[in-house]
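Engineer: Any chance you can model this:
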Amino acid sequence: MTDSRRWMWLIGVFLLGWLIYLLSPVLSPFLVAMLLAYMGDPLVDRLERHKLSRTWGVVLVFSLFSLLLLVLLLVLIPMLGRQLVRLYELAPQMLDWLQHQALPWTQAQLGLQEGFWRFDQIKEALSGHLGKTTDIVGAVLAQATASSLALLGWLGNLLLIPVVAFYLLRDWDLMVAKLRGLLPRSRESRVVQLVGECHEVLGAFMRGQLLVMLALAFIYASGLMLVGLELGLLIGVLAGLASIVPYMGFVVGFGSAVVAALFQYGGFEAYPLIGVLVVFGIGQLLEGTVLTPMLVGDRIGLHPVAVIFAILAGGQLFGFVGVLLALPMAAIIMVLLRHAHDFYKLSELYGESSGDSQEPPSPA
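Structural biologist: Model prediction:
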């Protein structure tokens, strides 16, 4: 490839990235629909192998997704909403417990001066807002009414996602075949190999890591509710979602559960603390020995620091959709960087000249 052609490719990639950045508000429903279609394609392919047409397979998969979404809306979200309201109501009491019990004990252990912790103003601010839920809802409704066009646009994008996902999922194999037919014949095998590796990594993340997160959320929430923790469902779900970053779910969930248990039982009660420790110990044991090896394996290989940076960078650039796309894009970039590393090791730039590689003569 000549230098001029390389520059043309670089300029084209830059312009494409700039165009995607400008169109990110419009592209959001299409990107989410593409993710849904990518996740549902293996299920439809499996139904096709059982002599079911592509269209009816897509209808069946969509019906399954709709049923799961309906269960989520009717069962889980109302329960989480009640626990969020309960957390909002308990916030002043938790601050009072921190101020008069937990922090004085910490202050005595660390030898801090008296009056080091001050939470009076925060407590008064939270207490002043209690009982004003109606006012908050009214303010949200007024803001939504004032920005009705934005609300209609958001609802339109939300309704557009299943429509686009249906057609993408129905024609997924056809689009992949057409894209492969457009590849240069001399580069087809190399590109197909790269796409295959990216597909393997993406499949491990999309269908593996997400299942691990859901399983951990179920284990943590069920265990904490059995222990008797009042906010067990909320803490368990948050811990499962935070498991997208290695060890982050355990740190966030275990710390929150310990604080909630100390507050709820008024001190260092052995049973709830041991119960919390057992729940998270079982969760980590199952994740390390069963869930991750069976559902994910070692195909992703992203460093925890890279995971955190990818999520923050995606959210900064593209908002919520950027958070959804951050780790899949990071996995693809990892595959490309791995091949770039191999090419660099085989290049003349990395190799040493024969004169440099000779050892200096030993002294006589």
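
Engineer: Out of the helices and strands in this protein, which is least certain?
Structural biologist: helix 354-357 (a mean of 45; mean pLDDT, DSSP states H and E).

Engineer: What separation do you get for the residue most central in space within the chain and G322?
Structural biologist: Centroid-nearest residue in the chain, with C-alpha atoms, centre = their mean: I244, separated by 5.2 Å. In this structure, I244 and G322 are 14 Å apart, going by C-beta to C-beta, to the nearest Å. Just so you know, the C-beta spots here come from the backbone N, C-alpha and C atoms, and that holds for glycine as well.

Engineer: Please give the element, helix or strand, for R338.
Structural biologist: Here R338, judged by DSSP states H and E, is contained in helix 304-346.

Engineer: repeat for F280
Structural biologist: Using DSSP H and E, F280 falls in helix 270-286.

Engineer: and that helix, what does it pack onto?
Structural biologist: helix 210-227, helix 248-265 (3 or more C-beta pairs under 8 Å, 6 or more residues apart in numbering; DSSP states H and E).

Engineer: right, and the ones you listed - which one's nearest D173?
Structural biologist: Proximity to D173, assessed across these by C-beta to C-beta, is greatest for helix 210-227 (22.8 Å).

Engineer: Mind listing residues that contact the closest one?
Structural biologist: In this structure, residues lying in contact with helix 210-227 by C-beta atoms under 8 Å, 6 or more residues apart in numbering are 232-233, 235-237, 239-241, 243-244, 249, 253, 257, 261, 272, 275-276, 278-280, 282-283, 286-287, 291-292, 295-296.

Engineer: Just the buried residues of those.
Structural biologist: Buried members of the contacts of helix 210-227, counted by 16 or more other C-beta atoms under 10 Å: 232-233, 235-237, 239-241, 243-244, 249, 253, 257, 261, 272, 275-276, 279-280, 283, 287, 291-292, 295-296.

Engineer: related to what we said a few turns ago, the residue nearest to the centre of the chain against P328, yeah?
Structural biologist: No. Using C-beta atoms under 8 Å, I244 makes no contact with P328, being 11.8 Å away.

Engineer: tell me the domain boundaries of the protein?
Structural biologist: 24-90+130-182, 185-300 (automatic domain parsing).

Engineer: Give me whichever of those domains is most buried.
Structural biologist: Among the domains of the chain, domain 185-300 has the highest mean neighbour count (mean count of other C-beta atoms under 10 Å), at a mean of 17.

Engineer: Give me the mean pLDDT for it.
Structural biologist: In this model, domain 185-300 has an average pLDDT of 83.

Engineer: Kindly state the distance between the middle of that domain and the middle of its chain.
Structural biologist: Centroid displacement of domain 185-300 relative to its chain, using C-alpha atoms, centre = their mean, to the nearest Å, is 11 Å.

Engineer: Equivalent analysis for stretch 52-69, please.
Structural biologist: Distance, centroid of stretch 52-69 to centroid of chain: 24 Å (C-alpha atoms, centre = their mean).

Engineer: let's number from 8 now, not from 1
Structural biologist: Got it, first residue is 8 now, which makes that one stretch 59-76.

Engineer: how about it as CSV, C-alpha atoms only?
Structural biologist: Extracted in CSV, the C-alpha atoms of stretch 59-76 (Å, rounded to 0.1, in the frame of the first residue of the first chain):
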residue,chain,number,x,y,z
LEU,A,59,-38.1,-23.3,11.4
SER,A,60,-38.2,-20.4,9.0
ARG,A,61,-36.0,-17.3,9.7
THR,A,62,-39.1,-15.0,10.1
TRP,A,63,-40.9,-17.3,12.5
GLY,A,64,-37.6,-17.8,14.5
VAL,A,65,-37.3,-14.0,14.8
VAL,A,66,-40.9,-13.8,15.9
LEU,A,67,-40.3,-16.5,18.6
VAL,A,68,-37.2,-14.9,19.9
PHE,A,69,-38.9,-11.5,20.0
SER,A,70,-41.8,-13.0,21.9
LEU,A,71,-39.3,-14.5,24.4
PHE,A,72,-37.5,-11.1,24.9
SER,A,73,-40.9,-9.4,25.3
LEU,A,74,-42.0,-11.8,28.0
LEU,A,75,-38.7,-11.3,29.9
LEU,A,76,-39.1,-7.5,29.6
